[in-house]
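Undergrad: just to be clear, the model below is a prediction. Sequence and coordinates:
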Amino acid sequence: MEMPLDSTKIMLYAAGQHDFQIALGAAAMSGISHSQIMGDFTTAWNAVASGQKMVIAVGGAAVNALYYNPCGWSNPANQPGGHTPFIMINTPLDTMPGANYFVNAAGVSALDTLQIASARVYYAVTGRTPTAFTTVPKVLTPAERCVGSPNLPNPLLLTSAGTGGSSSGGHTGPYYGVDSAAQVTSTFYDCVVSQYGKPDFWGRYLTRVSGVSDGLTSSEVSFLHSKGVKILPIFNGFSQATGLSNGQQDAHMAIAAAKALGVPNGTALFADVEVTYAVDSAWIEGYVETILQSPYLPGIYANPVTGSFNSAYCAALSANSAMKQTIIWSNEREPGVTSKSKAPAWNPAVPTCPATVEVWQFGENGNACSAGVDTNLALPAGYSKFW
């Protein structure tokens, strides 16, 4: 029997870990290749905009993203969060919907989402509702609520992560890492592995600040990479974050330090904005805009709950949409230091305006080793921007 729609014309898009598993099941039911399942927001955006594929949004996170983009995720149209040009279809289709249309396959519960997604995919390739479903649940109304991730890897298409500089393949969840003010020696590294588990990444400061941090060295870089550990570069050569020119100057210093160490292009440089620092929107604009003009990516470590960072960031974003390209390393919430095997589920505090939070410091001042560490999680999208 001829299918109403070729299976290669169908894309299932999921923005949540559990929804991705649901999408895999729905695709398998109708013989859709797992290569047609995407977790990348940019890829889904392009597919909807072009109309060359029927994009079925599986789960509330995906529907919210394509209808509102409430998280303000980067997109090919450079549109700010809060709206998209796309139109949602709440009924099954067996023909191409055309440019800027996508199909809603989100239910109130996970079971509802599985039934809706399975029915939508089956109808697309057969023109019929599955006989196993006497009724199909009602679809969920999209909400302007930031949930999910802008980039989920397909676990069936990826292999294990390699050594330093590798991609984020093989993980469907966050990576575990530590950061330290102290230089990483073999003794320190072995202690961390023994007490906490092997970290996937290690946050280190690009320069020495007297009484605060050791500066990262070339031998340290080689050592960590030889262990398959990526480096999260931190710049802390400032004690307040106010003023446009200061933000620009701090960015230039971070860039110079990164280049001196051989940090590759495309790596995020995280400015360390402590909760005690004065911070304003002008500094954020200066830092981010200057980094964006370099080969690197802008990142900021900050507290979105306490202090003035949240209001400063949101003001900067309101004035300059380029700020949405900032990768936020949130240091709240703080359930406390744990080993790798006992790391919490991803749940960082986020700014009250659209922001890309891809790294989370969930525990501070772990003292199981002679030199202290903080414990962190990073989404695959964030981990891919480490060194």
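TA: Yes, it's here. Residues are numbered from 1 along each chain as shown.
Undergrad: looking at this, Ile124 is in a strand?
TA: Residue 124: Ala, not Ile. No. Ala124 is assigned helix when assessed by DSSP: H, G, I helix; E, B strand; the rest coil, not a strand.
Undergrad: need the contact list for it.
TA: Shown in contact with Ala124 (C-beta atoms under 8 Å, 6 or more residues apart in numbering): Pro4, Leu5, Ile10, Ser30, Met54, Ile56, Pro92, Leu93, Asp94. Bear in mind the C-beta positions are built from the backbone N, C-alpha and C, glycine included.
Undergrad: can you pull out the strands in the stretch 101-250 of the chain?
TA: In the stretch 101-250 of the chain, the strands defined using DSSP state E, counting those that start in this stretch lie at 101-105, 175-179, 201-205, 230-235.
Undergrad: burial check on the closest residue to Gln248 other than its chain neighbours, number of neighbours?
TA: Leaving aside its sequence neighbours, Gln248 sits nearest to Gly286 (C-beta to C-beta, 6 or more residues apart in numbering; 4.2 Å). Per other C-beta atoms under 10 Å, the neighbour tally for Gly286 reads 24.
Undergrad: Gly286 against Asn246, yeah?
TA: Yes. Applying C-beta atoms under 8 Å, one finds Gly286 in contact with Asn246, separated by 6.8 Å.
Undergrad: can you pull out the helices in the chain?
TA: 17-29, 41-50, 60-67, 110-126, 186-196, 218-226, 244-261, 281-292, 309-319, 380-383 (DSSP state H).
Undergrad: tabulate the CA atom coordinates of the third one in PDB.
TA: Only the C-alpha atoms of helix 60-67 are listed here, as PDB (Å, rounded to 0.1, in the frame of the first residue of the first chain):
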ATOM      1  CA  GLY A  60       5.400  20.000  26.300                       C
ATOM      2  CA  ALA A  61       9.000  21.300  26.200                       C
ATOM      3  CA  ALA A  62       9.200  20.900  22.400                       C
ATOM      4  CA  VAL A  63       5.700  22.500  21.800                       C
ATOM      5  CA  ASN A  64       6.600  25.400  24.100                       C
ATOM      6  CA  ALA A  65       9.900  25.900  22.400                       C
ATOM      7  CA  LEU A  66       8.500  26.000  18.800                       C
ATOM      8  CA  TYR A  67       5.400  28.100  19.800                       C
END
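Undergrad: just give me how far that helix sits from the chain centre.
TA: From the chain centre to the centre of helix 60-67 is a distance of 15 Å (C-alpha atoms, centre = their mean, to the nearest Å).
Undergrad: and for the closest residue to Tyr68 other than its chain neighbours, the neighbour number?
TA: Distance criterion C-beta to C-beta, 6+ apart; nearest residue to Tyr68, sequence neighbours excluded, is Glu144 at 4.7 Å. As a burial measure, Glu144 scores 12 neighbours (other C-beta under 10 Å).
Undergrad: just checking, Glu144 touches Asn69?
TA: No. Assessed by C-beta under 8 Å, Glu144 is found out of contact with Asn69, at 9.3 Å.
Undergrad: spit out the residues that contact those two alike.
TA: The contact lists of Glu144 and Asn69 share Gly82, where a contact means C-beta under 8 Å, 6+ apart.
Undergrad: picking that back up, out of the contacts of Ala124, who has the most neighbours?
TA: Of all the contacts of Ala124, the highest neighbour tally under other C-beta under 10 Å goes to Ile56, namely 30 neighbours.
Undergrad: quick check: bridge partners of it?
TA: In this structure, Ile56 bridges to Leu12, Val103 when assessed by DSSP bridges.
Undergrad: how close does it get to Gln17?
TA: Distance of Ile56 to Gln17, given as C-beta to C-beta, to the nearest Å: 18 Å.
Undergrad: and the closest residue to Leu297 other than its chain neighbours, what is it in contact with?
TA: Closest residue to Leu297 apart from its sequence neighbours, by C-beta to C-beta, 6+ apart: Ala268 at 4.2 Å. Residues near Ala268 by C-beta under 8 Å, 6+ apart: Leu232, Pro233, Tyr296, Leu297, Pro298, Gly299, Ile327, Gly382, Lys385, Phe386.
Undergrad: ok, 10 Å please
TA: 232-233, 291, 296-300, 326-327, 329, 358-359, 382, 384-387 (C-beta atoms under 10 Å, 6 or more residues apart in numbering).
Undergrad: now swap in Pro150 and tell me
TA: Residues in contact with Pro150, defined by C-beta under 10 Å, 6+ apart, are 15, 39-42, 44, 65, 69, 71-75, 356, 358, 379, 381.
Undergrad: likewise Trp202?
TA: By C-beta under 10 Å, 6+ apart, the contact list for Trp202 reads 164, 177-180, 184, 189, 192, 216, 220, 224, 227, 229-232, 373, 376, 386.
Undergrad: if I look at it, how far off is Thr375?
TA: In this view, Trp202 and Thr375 are 11 Å apart by C-beta to C-beta.
Undergrad: between the two, what contacts are shared?
TA: Common neighbours of Trp202 and Thr375 (C-beta under 10 Å, 6+ apart) are Gly177, Val178, Asp179, Val192.
Undergrad: ok, of these, which one's closest to Leu206?
TA: Set against Leu206, the nearest of the shared contacts of Trp202 and Thr375 by C-beta to C-beta is Asp179 (12.5 Å).
Undergrad: for burial, what's the neighbour tally of the residue nearest to that closest one when sequence neighbours are not counted?
TA: Using C-beta to C-beta, 6+ apart and skipping residues adjacent in sequence, the residue nearest Asp179 is Gly203, 2.7 Å away. Counted with other C-beta under 10 Å, residues neighbouring Gly203 total 27.
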